[in-house]
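> let's see this in three dimensions:
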Amino acid sequence: MRKSLFPSLFVLLLITLMVFSITGCEADEPEPEEVEEVEEVEEEKAVEEEEPEVETETISFVAAIPLTGINEIIANSIRDNVYEYTGGKIDMEFYFDGVLGGEMEHLEMLRDGEIELGLGFIHDTRWSEPYAAHHIPFLFPSYEAVIDYLHHPEIHEARYNLLAEEANFHYIDTWSCGPRRITSNVRFTNVEEMQGLRIRMPELPLWIGVYEHLGADPTPIPAPDIFESLEAGIIEAQENWISNIEGRRMDEAQDYIMTSDHQVQTFDVLANLDWYNSLDSETQEAFDQAIQDACAALPPHVEEENEKSMANLEERGMEVVEVDGAEFREAAWEEMMRMGDEILEPLAWEIAQEIVEKHTE
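Sure thing, here's the model as predicted:
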């Protein structure tokens with residue numbers, strides 16, 4: 001008797017259906033290329049998650065000047081540039097208007113590493129006087145002449161090395177806020193009318209000698225004591241840059257402001273050398289470039305801000321007195337030549353005279 005094939009065929013069909021069912025469940029699996037793309041995205045995410053957050057170091061930027069006018073513009077520009085150029089590695093806090101003492105105290109703190117960033121505008125000549133031709137009153141006829149001198153390669157290198165070796169400073173760049181002018185309770189328009197004028201000076205031989213030669217009576221007084229000394233009658237006059245005259249409210253103690261423009265006020269931006277050397281080379285480069293760009297961008301603001309300050313001082317009651325700067329410069333020439341010969345390095349004096357001649361042609 002022949003057996004039926006039906007049970008065997010039924011079993012075979014059932015097995016076939018099961019195989020197809022299992023294969024169908026695996027058909028939705030991604031192609032190899034799709035798998036690689038997914039893995040790459042996941043790897044990129046992992047790398048991003050592993051990148052450490054930038055640690056921000058907040059340094060102290062200290063100055064004796066008030067945080068007003070041009071001073072405020074350059075300070076904010078330096079801070080913002082440094083933070084941006086270093087990728088957030090360095091931020092800074094301001095300690096201005098003499099809250100930590102006068103300029104000399106700040107420079108000593110900077111030398112000793114108690115602060116990281118500061119300004120030298122008069123007393124850094126303590127370490128760089130042989131190259132301080134720009135501090136001789138009436139010598140340079142313009143801002144451009146002063147900057148040409150300071151940016152001269154030999155002068156820049158010599159000053160940098162002196163400030164580094166003698167004071168532990170890293171010299172970055174120089175900026176200017178325009179001319180210095182004399183304020184007084186005695187009105188004068190020429191050298192003769194200035195005879196015997198009791199005028200405050202910083203204790204700086206380069207300045208005192210010129211004003212003594214002109215017939216004035218220069219009196220060394222610390223900057224924080226100027227206002228009280230004027231009120232007490234110890235001095236009759238002082239001289240300063242325009243935004244500082246406004247910022248220190250000299251109009252409350254002085255009647256006149258003379259357009260003497262006897263000197264271009266400059267500021268050296270200085271960092272503590274040990275702190276600077278602790279930075280990696282990339283951060284050093286970014287830090288320097290940030291400050292140099294801030295200094296280079298300042299000149300267009302200077303004239304505008306000084307005009308505002310002069311208008312404010314007039315509005316508060318000061319009388320602006322026009323004086324003949326050329327007369328004062330001619331009268332001071334003999335003393336300026338003596339100082340150049342006796343105090344400055346011969347190379348510095350030679351370069352200074354060449355630049356003066358170039359800018360007075």
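
> now do the strands in the stretch 201-350 of the chain.
217-220, 237-241, 256-272, 319-321 (DSSP state E, counting those that start in this stretch).

> can you tell which of the ones you listed is closest to residue 140?
Residue 140 lies closest to strand 256-272 among these, at 6.3 Å (CB to CB). Just so you know, the C-beta spots here come from the backbone N, C-alpha and C atoms, and that holds for glycine as well.

> that closest one vs strand 237-241, what angle?
If you take axes from the mean of the first three to the mean of the last three CA atoms, to 10 degrees, strand 256-272 sits at 50 degrees to strand 237-241.

> quick one: strand 256-272 to chain centroid distance?
Remark: strand 256-272 is offset 14 Å from the chain centroid, using CA atoms, centre = their mean, to the nearest Å.

> quick one: strands adjacent to that strand?
Here strand 256-272 is paired, per DSSP bridges, with strand 117-120 (antiparallel), strand 169-184 (antiparallel), strand 319-321 (parallel).

> most packed of those?
strand 117-120 (a mean of 26; mean count of other CB atoms under 10 Å).

> and it, how far from the chain's centre?
That offset, for strand 117-120, works out to 8 Å (CA atoms, centre = their mean).

> packing partners for the helix or strand following that strand?
Next helix or strand after strand 117-120 toward the C-terminus (DSSP states H and E): helix 125-128. If contacts are counted by 3 or more CB pairs under 8 Å, 6 or more residues apart in numbering; DSSP states H and E, helix 125-128 sits against helix 153-167.

> the spatially most central residue of the chain pairs with what?
For the chain, residue 269 is the residue whose C-alpha lies nearest the centre (CA atoms, centre = their mean; 4.8 Å). Assessed by DSSP bridges, residue 269 has beta-bridge partners residue 119, residue 173.

> can you pull the contacts of it?
78, 117, 119, 171, 172, 173, 174, 175, 291, 295 (CB atoms under 8 Å, 6 or more residues apart in numbering).

> what pLDDT does the second one get?
pLDDT, the model's per-residue confidence, is 98 for residue 117.

> now it, nearest residue through space, not along the chain?
Closest residue to residue 117 apart from its sequence neighbours, by CB to CB, 6 or more residues apart in numbering: residue 61 at 4.5 Å.

> and the nearest residue to residue 329 once chain neighbours are set aside, how many neighbours does it have?
Here the nearest residue to residue 329 in space, its sequence neighbours aside, is residue 138; by CB to CB, 6+ apart that works out to 4.3 Å. Residue 138: 21 surrounding residues under other CB atoms under 10 Å.

> now residue 118. Nearest residue, chain neighbours left out?
Among residues not flanking residue 118 along the chain, residue 110 sits closest, at 4.4 Å (CB to CB, 6+ apart).

> what's the answer for residue 261, then?
The shortest distance from residue 261 to any non-neighbouring residue, by CB to CB, 6+ apart, is to residue 179 (3.9 Å).

> right, and that neighbour touches residue 243 too?
No - counting by CB atoms under 8 Å, residue 179 does not reach residue 243; the two are 11.0 Å apart.
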